[in-house]
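Colleague: sequence plus predicted model, see below.
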Amino acid sequence: MNKMITLVGLFMSTFSIAQGTFTLQSKDIGGQATMTEEFDGFGCTGKNTSPQLSWENAPEGTKSFAITMYDPDAPTGSGWWHWVVFDIPSNTNEFVTNAGNVNAKLVPASVIQSITDYGAKGYGGPCPPEGHGLHEYIFTVHALSTESLGLDENTNAAVVGYYLGNNTLAKASIVVYYRR
């Protein structure tokens, strides 16, 4: 009987720890991207709509968030940055569908959506070369130790990435795949 109580206690402890982890979720995407998320340009004809994203259980000390979308499989030698968003207030825990459209103004005014590898600001969806196989797209929310990175909308992804690396307390990701 004592062993059973210990096992139940261990299970409950593990369950409550798992429930408290920093987590990223989406109502719009699962394991595969679709034409809704696909870029509209570079030979792609998708809707270029960023997915809904929500996160919970940020670590103590989180002062802001950042969101990135990265394709490590792009044939560039350095991957491809599809979305770079930072200075998201710490009281924000969701981006609605199409929040990556900078003209739609669906994010708090302080949020900065900087330059992607497409050379534009905001969300730029998947657009792998035809016949190149499945590409992995990693959506990541970063819990940051600073309210602002001190960068602007013209900052390139590599510089933003450097600042994220120096200020990230925790991160959570969703991985989707896409091919043409």
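Modeller: The structure has been received and is ready for your questions. Note that this is a predicted model, so its numbers are computed, not measured. Numbers count the residues shown, from 1 in each chain.
Colleague: any weak-confidence spans in this structure?
Modeller: For the chain, applying pLDDT under 70 flags the ranges 1-19.
Colleague: let's see that with 50 instead.
Modeller: 1-17 (pLDDT under 50).
Colleague: how about the helices in it?
Modeller: 2-19, 157-167 (DSSP state H).
Colleague: which residues in the protein form strands?
Modeller: Remark: strands assigned in the chain by DSSP state E are 23-25, 40-41, 44-45, 53-56, 64-71, 80-89, 94-95, 112-113, 135-144, 168-178.
Colleague: by contact count, what packs against the second one?
Modeller: Spelled out, that is strand 40-41. Packing contacts for strand 40-41, counted by 3 or more C-beta pairs under 8 Å, 6 or more residues apart in numbering; DSSP states H and E, involve no helix or strand. Where you see a C-beta, it was placed from the backbone N, CA and C, and this is true even at glycine.
Colleague: who wins for proximity to residue 154 among the strands of the chain?
Modeller: Closest approach to residue 154 among these is made by strand 112-113 (9.7 Å; C-beta to C-beta).
Colleague: okay, buried residues for stretch 114-128 please.
Modeller: 114-118, 121-128 (16 or more other C-beta atoms under 10 Å).
Colleague: and for stretch 149-168?
Modeller: Those would be 149, 151, 155, 157, 160-161, 163-164, 167, for stretch 149-168 by 16+ other C-beta under 10 Å.
Colleague: need the contact partners of that stretch.
Modeller: By C-beta atoms under 8 Å, 6 or more residues apart in numbering, the residues outside stretch 149-168 that reach it are 66, 68, 81, 84, 86-87, 112-117, 121, 142-146.
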